[in-house]
Each structure stands twice: as structure tokens, then as C-alpha cells.
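based on what follows, work out the 3D shape:
(chains A and B)
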Number of protein chains: 2
Amino acid sequence: MDVARIGEFGLLELIAGLIKTKNVITSPFAQNLIAGIGDDAAVWKCSGAIQFTTTDCLTENIHFNTRYTGWEDLGYKSMAINLSDIAAMGGDPLYALISLSIPGSMEIENIESLYGGMIASANKYNVQIVGGNISASEAIIINVTVQGHSETRAFLSRSAAKPGDKIAITGYTGLSAAGLKLLKNGTVSDPETLKTLTNAHLKPEPRIAEGKTLVKFGVKTAIDISDGLISDLRHICEASGVSAIISKDTVPIHPALAKFFPTECEQLALSGGEDYELLFTADSSVINKLKEEIEIPVTIIGEIKEGPSTKITVVDKSGKEQAVSHTGWDHFKL
Amino acid sequence: MDVARIGEFGLLELIAGLIKTKNVITSPFAQNLIAGIGDDAAVWKCSGAIQFTTTDCLTENIHFNTRYTGWEDLGYKSMAINLSDIAAMGGDPLYALISLSIPGSMEIENIESLYGGMIASANKYNVQIVGGNISASEAIIINVTVQGHSETRAFLSRSAAKPGDKIAITGYTGLSAAGLKLLKNGTVSDPETLKTLTNAHLKPEPRIAEGKTLVKFGVKTAIDISDGLISDLRHICEASGVSAIISKDTVPIHPALAKFFPTECEQLALSGGEDYELLFTADSSVINKLKEEIEIPVTIIGEIKEGPSTKITVVDKSGKEQAVSHTGWDHFKL
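Here you go, the predicted model:
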């Protein structure tokens, strides 16, 4: 049986099972591991602080296409999406390592622009690039590892949601998916709106300050929205053993999305991936306090319910259940 | 100008320069970085201990070919070569993250074997696999990140060699390159010898215990031999601002190499890559003490000389300079 049959998440589950049962070590340092496979980053103790490590890649013709992606933006995004995983843990990113696979025919000036983008994103978030390696390949693959920390020892995870928690998001979702549609096939008459949507796809910002604020206010549960709102909420539900209900009409729709995708905007907001906003759960009183502290909009969109079904229900104003046709990105599903 | 024109090491130098001049951050944690780009792993302080992080990848048809590489061996090697970078720093590896890019047509059982090999190597060296990600790609790329530490705060680097130091290696070099030749084109009549050579290529072992012993005896300078003995010695010379002289006749030749590659064995030992032995420099008295502590052979093969030319000279018994035709692997050189 091939990977396409079980899909990305089936494969992840299989691998996590293999590691859990077979990767058993006896090191006295094993007890320093706080969270391993199954969250946005691994978490481990180092003296008074906790450390985070995450790794992710962008692959040519899978995650990006150089026909409509500039080299500097590509570099910026490859760093930002990894910083976003540290943001989702409520940590501060510190160090990055870049493992770059490229064809020998790649132009030097494009590599300089690519690193220029990575450095711009690293500088913005006070991250030092400390290592990496370069290897030959047919397609371009940019693998970034980010090391982060938290001096408070508190962090966010996918597995702490409990029934009664409200579900909230920072900012807006669906813009990146809409931007990708425009980059691939279309255009809109209004250049500013076009830029809002395409920039959401090409140059996302990690919500690092926001993640740290969540920790400061006692929030325990978060994920960054990379696969799509519903899909990432499912990751929280699965990790926490709970289910969730989303009130479709409370999901914030950015004016640019509503204007240029009037019939698709709700679907894009619920299922479009690569938003890199934070999806989190907490008491409504905590969320209301957070709203005053966080500069971007924070919106309550639903509630965590009893598990163990891990079902995500989307309802309209009248409480009627809505069908959600597509629920996020899977690398391998046919 | 494309990458092939400046080669892997020209490109690494260019990128290191970009990062050094442009990736300037103001974080109070920046001062915790001890060593960044230019060594086998990044080194940073975390309270009483020091931490190491390294990342490297194996790419299909560049680093391996599934025609003659089994999945379990491939997994084992992809973990081992990253553990080797921690060994070259004198550290203890702790955690690993795996970023796997594969085509959707890959068979599940092959993925299980691949992870089986990674887990076998991780278990052998007390390493916990704590995260990673999976993405689609045309060719298989296995990117591994390893996090290590040293409680003593002492470590090995490429940049501490000084004139008068003797140059030594653990074990034998050239076996992996010989094994690759046999896997590609040939065979030998003696199956045990065949296995010795092909195993050196397919299933290298990181010299973790040996690296820690070097630190214990006060050695400051080491590198793991991945690009080839001469090429990796050049990395030490460049980082330390010294030159070096190698006595060709003291370079140990494994009997299997001498038997089946009688005319090429010296060249293979000097320039064949992927040995993952440790190349280090120290006083001869220290090296002689080390020999009693380290189970595998330790051999003095040359001496560090004044810089700044960073030239590597290979001499025969009479002191006559020898030509070395090929000096290691470059991903991009035409």
C-alpha cells in the first residue's frame, strides 16, 4: 500500500506509533522531555528554562512555485512558518538552522535574495541563523529548524483544551488561500486588495508576541493555522480528546476576502490553509481581557465540547448544522 | 552566474558572509551563542550546560540510490551522520527531529523500514525522536536535526588547531568510498570483505564515545570526516588559520581496502568521503594517552604548521611532496 492511500495524517499517526513503541531510551536525560511528537514543537527542560525545537520545509512545486513567488518572499516565508510553530507554543525563537537543497543551475543572485528574505524575517524577530547545510537536488527544498525558549516554563500545547473553553482566533483566515488562487489564475481590479490577499500567502507573519501574551494570560491551548481552521481545530480536539462546535457566522471575514470571493469567502476562512494565525481555547473572560492586550483582532468563533468523538460541528445562526466540503490540506490524499 | 560555477564551498562562504553582515540581532540572548556557522554544530549556552544543534539531509540520487541501499540502512545512516556531527563537537546527542519529503507512491512498508533504521540508530545512542514533519516531493529527502549537550561546557571545534599539534584520526578512512564503488559496479570474491566495505558506506557509526573521550583528555580541535580526510583537514586549517602536513605512509590502510583496491587504496583513504571517523589535533603526549582509552585504532598522520596559507601538503617517507588528485566531495563543482 502506498502513502497516498493513507494520507499525510494517516502516515503521521503510523510514524508516531512506531516511535512511541520502539524508540525507547534509557538516558537519564530522557526525563527532561516535556512534549515530543504531536505538537507544533518539541518541548524539553534545560535548567530553569524550557526549550522548543521545530523543523519544517517548503518544497518547490508542492509549497511554492517560482513562477509567482519572488526569492526574497520565499526566504521570508520559509523562516516565518517555522517561527510560527514557536509562536504556537508561546515561546521566543532564538536560533535557526537552514538545510537548503538546490540544483547546481540555480543563479547565485537568487540564492542571495532567498537568504536576504530569511535574514529579514530572522532580524524582525530577533533570531540568529547559526548553521545549516547545502546539498544538490533537482527541486528546491528549504528546510528550516528553529530553536526557541521560554524563561517562564509555561507554554501552549494542542492537548489542553477542555469542555466549556471558548475557541478563538487571532486575525483573519482564508486570505492566504485566496491570495494563492489569485496568484495562480486571476487578478482583481483593486491593486491594494490584490496585495492584501497575495501578501497573506507570500509573506505571512508569525504571531510571536501574541503567543507570548496568551501564555501571560494563562492560556494553555493553541495551534498555528497552517492546514486550515477546521483541520487545525481537529488537531486540538484529537490531542485533547474533546469535540468542538463552530458558529459559522462568528468566523471573521476580512473585507478583501468578502469583496473578491463573495460566494467562497466562508469556505476559504474555514478551510484555506497557511494563515499562520493562532487558534486557541480559553475561558471567555480570559479572551476578553486578551483582546485589550493584542493589537490584531481576536474573535471567539465557537466552543469546546465533551469528547471523545473529536467531531467538529459547524452551525449557522439558527443552530443548524452546516456541511463543510473540504477540511484542509493533505500532502498525499488522492 | 550559477551555483555550479562557485561550488559548494564557495556558496557556503558567500552565505556565511551574508549572515555575518546582515543577520544582526539585539536580543539579550544573543550573547548565549558560543559558535554559529562554520562548525559541525551550533553551540550555545543554556544555564550550566552547553547545547549543540545540527541539521543535515540525505537526498535520493545524490547521497543514496535505492537500487543498492536498503530502507533500514538508509534510515540508520540518515540518523547516524547527524549524530556524527554531535560526536565531532564532543557532545552527547539527546533529541532528533525528522523532516521527510517523499512521493505519494512510496510504499508504507518501506517507510516503516526507514523509520525502523532511524529508531535503531537513535536507540543505540540514547536519542529520542521528538518531532518532525512529512511533505510530498518527487525525490526522497531525509532531513534530520539533532540536539545534543555537554554538561562539562567543554567542546571540540574546527578552529582551535595550533602549529605543533599532531594530526590524528580514529579508525580507517576510504572504506566507505570503496564500498560505494563496489555497490555501484563491482563485487569481490570474499563476502566478508565485501560486507566490511559496503557496510562502511551503508551503515556508518558515529564516534560519540570517542568524541567525549577527546574532550575528557583536553583535546580542543576535531571534525568528522564526511567530505574526505584532506578536505576535512582543510576545513580545520581554514577555521584555525594554520596549514598542515600529512605523512602519506602513516595514514592507516585497512587490510580490506589494501586487498581489493591495491592501486587506489591510498587515494581512497586520503580523499574518499563519508567515513564519519574523527579527525583531530592535539599534543602527541595527549594522543598517546588517548590510544589506551579508545577502543578503535587512533593514528597520528601528520602535523599542524604555521598559517596563514592553509595549505595541506602530503609527503612520502623521504619527505617528497605528493600530488593528491582529488580532494573530496563537492555537491556542485562541474
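
longest helix anywhere in chain A?
helix A:3-22 (DSSP state H).

give me the distance from that helix to the chain's centre.
20 Å (Cα atoms, centre = their mean, to the nearest Å).

residues of that helix that come out buried?
Within helix A:3-22, the residues scored as buried using 16 or more other Cβ atoms under 10 Å in any protein chain shown are A:3-4, A:6-9, A:11-12, A:14-16, A:18-19. (Glycine included, C-beta is placed from N, CA and C.)

just those residues that are near chain B?
With Cβ under 8 Å from any Cβ of the partner chain as the criterion, the buried residues of helix A:3-22 include A:3-4, A:6, A:8, A:11-12, A:14-15, A:18-19 near chain B.

and the two most separated of those?
Farthest pair in those (Cβ to Cβ) is A:A4 and A:I19. Separation: 22.2 Å.

CA atoms only: put the longest helix of chain A into CSV for me.
Output of helix A:3-22 as CSV, limited to C-alpha atoms (Å, rounded to 0.1, in the frame of the first residue of the first chain):
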residue,chain,number,x,y,z
VAL,A,3,1.3,6.7,1.2
ALA,A,4,-1.4,8.3,-1.0
ARG,A,5,-3.8,5.6,0.3
ILE,A,6,-3.5,6.6,4.0
GLY,A,7,-2.7,10.3,3.5
GLU,A,8,-0.5,12.6,5.4
PHE,A,9,-2.3,12.3,8.7
GLY,A,10,-2.6,8.5,8.5
LEU,A,11,1.2,8.4,7.9
LEU,A,12,1.9,10.7,10.8
GLU,A,13,-0.1,8.5,13.1
LEU,A,14,1.7,5.4,11.9
ILE,A,15,5.1,7.0,12.4
ALA,A,16,4.2,8.4,15.8
GLY,A,17,3.1,4.9,16.8
LEU,A,18,6.3,3.3,15.6
ILE,A,19,8.4,5.9,17.6
LYS,A,20,6.3,5.6,20.7
THR,A,21,6.6,1.8,20.9
LYS,A,22,10.1,1.3,19.5
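
quick check, the helix or strand following it touching chain B?
Note on helix A:3-22: by DSSP states H and E, the next helix or strand toward the C-terminus is strand A:33-35. Yes - contact between strand A:33-35 and chain B, assessed by Cβ under 8 Å from any Cβ, occurs at A:L33.

could you pull up the residues touching A:E306?
With contact taken as Cβ atoms under 8 Å, 6 or more residues apart in numbering or on different chains, A:E306 is in contact with A:163, A:242-243.

from the ones next to chain B among the buried residues of helix A:3-22, pick the one nearest chain B.
A:A4 (3.8 Å; Cβ to the nearest Cβ).

where do the strands sit along the stretch 51-200 of chain A?
For the stretch 51-200 of chain A, the strands defined by DSSP state E, counting those that start in this stretch occupy A:92-102, A:128-136, A:141-150, A:166-170.

for the last one, the distance to its chain's centre please.
Looking back up the chat, that one is strand A:166-170. That offset, for strand A:166-170, works out to 14 Å (Cα atoms, centre = their mean).

counting neighbours, which of the contacts of A:E306 end up buried?
A:242-243.

with respect to A:T196, which of the strands of the stretch 51-200 of chain A lies nearest?
Among these, if distance is taken as Cβ to Cβ, the winner is strand A:166-170, at 16.5 Å.

so what does that closest one touch, helix or strand wise?
Here strand A:166-170 touches strand A:278-282, helix A:284-293, strand A:298-305, going by 3 or more Cβ pairs under 8 Å, 6 or more residues apart in numbering or on different chains; DSSP states H and E.

remind me which helix or strand the nearest residue to A:L33 once chain neighbours are set aside belongs to.
In space, and not counting its chain neighbours, A:L33 is closest to A:W44: 5.0 Å by Cβ to Cβ, 6 or more residues apart in numbering or on different chains. If you go by DSSP H and E, A:W44 is part of strand A:42-46.
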